[in-house]
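Undergrad: Build the 3D model from these lines:
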Amino acid sequence: MLGSLRARLIISFALVVGLAVFLAGAGALFLLRDQQQETARERYGRVVEPMNLRVAALEQSGASLNDIRAYLREQADQAQMRILLLDQDLAVVFDSDASAGLFGKYILSFEKLSSRQIVDTPDTHYRWANYNGNGAHVTLFKAPSRPETSGSSFAPVGYEALIAIPQSQLASAWLDLVPRLALAGAIALSVSFVVSYFISRSISGPLARITQASKQMARGDYDVHIPIRGQDEVGRLSEAFNHMATQVNSSQRMMKDLLANVSHELKTPLTSIQGYSQAMVDGAVTREEDFQDSGRIIYEEATRMRALVDDLLLLSQIESGQVAMQHAYVDLAALLERMLERFQWALREGGIESGLHAGALALVHGDERRLEQVFSNLIENAVRHTPRGGFVNVTAAAMSDGGVEVTVHNTGSVIPAEDLPRVFERFFQVDRARARKGGSSGLGLAIVSEIVDAHGGAVRAESDDERGTSFIVRLPSAAKAAGRGRGRTREGADAKRAARKPAPPEQPLPDARA
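TA: As a prediction, the model looks like this:
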């Protein structure tokens, strides 16, 4: 319990409150010490005048000294204080504390100007002075000397009563505040424990939930979610944990899907390789041409497996940041022209027409070899899914922000709307009956997405029954990509491309080589 965060927070809060209360109490005692002593002196000083009035009244009524002593002894017992009675010569004729040894002694403290301290204001009528002698250390209080008048004033006839309080008792008058301060401190500590309990629970509760969720993830349960309460540091930590859990869950699903897809993709070529090689080993293949056919199939399936493995390695390297893009200024129009030229033989064989249109484009800042891979994959994908008599168009245009948008469009194939968000996933197959036509590894579009993203761009797919399918790649301007405020163009290439007339995407564009 004491090792938990909640217990440490509660103890910390209580210690802070306790220290604050202690310092406040000590400061209050220091500041109120003199005031408490003055209050104690005033409390005794206010009693001495009525007492002397009574003594004077008894004396004037003819009461004996013993009667006055009896009255003073009664007052001393009731008020729990020491009372002295002086005669006209200032000698002590009565001491309520008989063991103190002041009986018969002379009290001259009020006669010495050097030691006399007087409090005599309109609201306070008493005098006090310290007496140190005969083993006694007391503060004496007496009534003010006044002429006899009617009312409450009096003129002493013969005797005068004094109140004697030990000096140590007055000096420690501030101790009367200690019980009240201690009670206030105890209440403050109790309240602090209650408040700190709820505060610590608001802090440790989400942390405990995060800990429990982490244990669930460690056991393989990645579908966890922590409720977010507030936007403080703990709330942001919960939000970050939920985001992490979502990413881990997604990565785990992707890993499982990848393993399943890779296993599926490798199963067919491995089965073919195993079957034909087993036939060759068992002697089932005897003719030379059969040997050649079997060897060719084994070679093709091995090549397909090698391409799959290479694409997987490239994809993982791009995602992990191990592939460093060799950025330079690239003439995108010339690059697209080369890529479309590369597929002219496949286009003619498939009876597919093609066209290229590129306006005046600024140079883009990127890795030319990787961009060739992007548009090669897109054009190859378009050629593979375009039926005979269709066409493939490649257009490039400058955007208002200085970037470039390239569209690879083909007719005759449609991607269902529900499949469009998934076309860039690994091994995703829109038409499983035509999957891997032409030896595709199923990773081309995933590689395209990663390379474009590494260039700070974006790629998306659009498809409908009337227009066919388009893949649109947006690349940022050279200034944005390179972190510079200027871009460069190639005037000759721009003039050549500007001379071409645009053609509507529904119709085949002129061959790029024309």
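Undergrad: pLDDT below threshold where in the stretch 401-514 of the chain?
TA: 430-442, 479-514 (pLDDT under 70).
Undergrad: can you map out the helices along it?
TA: Secondary structure of the stretch 401-514 of the chain (DSSP state H, counting those that start in this stretch): helices at 444-454, 478-482, 491-498.
Undergrad: for the chain, same thing?
TA: For the chain, the helices defined by DSSP state H occupy 5-60, 65-79, 167-171, 177-218, 233-282, 288-320, 332-342, 344-349, 368-384, 444-454, 478-482, 491-498.
Undergrad: Pull out the buried residues from the second one.
TA: Of the residues in helix 65-79, those buried by neighbour count under the rule 16 or more other C-beta atoms under 10 Å are 68-69, 71-72, 75-76. In this view, the C-beta of every residue, glycine as well, is placed from N, C-alpha and C.
Undergrad: and it with helix 5-60, angle?
TA: Angle of helix 65-79 versus helix 5-60, following axes from the mean of the first three to the mean of the last three C-alpha atoms, to 10 degrees, is 170 degrees.
Undergrad: so how far is helix 65-79 off the chain centroid?
TA: Put simply, helix 65-79 sits 76 Å off its chain's centre (C-alpha atoms, centre = their mean, to the nearest Å).
Undergrad: Output the contacting helices and strands for it.
TA: For helix 65-79, the packing partners by 3 or more C-beta pairs under 8 Å, 6 or more residues apart in numbering; DSSP states H and E come out as helix 5-60, strand 82-86, strand 92-95.
Undergrad: so that helix versus strand 82-86, what angle?
TA: 160 degrees.
Undergrad: what's in contact with helix 65-79?
TA: Applying C-beta atoms under 8 Å, 6 or more residues apart in numbering, the external contacts of helix 65-79 come out as 47, 51, 54-55, 58-59, 82-83, 85, 93-94, 96, 159, 161.
Undergrad: Mind doing that once more with 6 Å?
TA: With C-beta atoms under 6 Å, 6 or more residues apart in numbering as the test, helix 65-79 has contacts from 55, 58, 83, 85, 94, 96.
Undergrad: Go through those and name the one nearest Glu341.
TA: For these, the residue nearest Glu341 by C-beta to C-beta is Ile83; the value is 126.3 Å.
Undergrad: Tally up the residues packed near the closest one, please.
TA: When neighbours are counted by other C-beta atoms under 10 Å, Ile83 registers 25.
Undergrad: repeat for Lys267
TA: Lys267 has 10 neighbouring residues, counting by other C-beta under 10 Å.
Undergrad: One more: the one 5 residues further on?
TA: Counted with other C-beta under 10 Å, the burial measure for Ser272 works out to 17 neighbours.
Undergrad: now the one 10 residues further on
TA: The criterion is other C-beta under 10 Å. On that basis, Asp282 has 8 neighbouring residues.
Undergrad: Contacts only, for it.
TA: For Asp282, no contacting residues are found, by C-beta under 6 Å, 6+ apart.
Undergrad: Can you give me the separation between Asn249 and Ala324?
TA: Computed as C-beta to C-beta, to the nearest Å, the Asn249 to Ala324 distance reads 30 Å.
Undergrad: More neighbours: which of these two?
TA: Shown here are Asn249 and Ala324; by other C-beta under 10 Å, Asn249 has more neighbours (16 against 9).
Undergrad: Just give me the residue closest to the centre of the chain.
TA: Glu233 (2.5 Å; C-alpha atoms, centre = their mean).
Undergrad: Now do the contacts for that one.
TA: Going by C-beta under 6 Å, 6+ apart, Glu233 touches no other residue.
Undergrad: Show me what stretch 380-400 is in contact with.
TA: 336, 340, 343, 346, 350-359, 361, 405-413, 437-438, 505, 508-509.
Undergrad: And for stretch 191-210, what's in contact with it?
TA: 5-6, 9-10, 13-14, 17, 226, 234, 238, 241.
Undergrad: same thing but 7 Å
TA: Residues from elsewhere that reach stretch 191-210, judged by C-beta atoms under 7 Å, 6 or more residues apart in numbering: 5-6, 9-10, 13-14, 17, 226, 229, 234, 237-238, 241.
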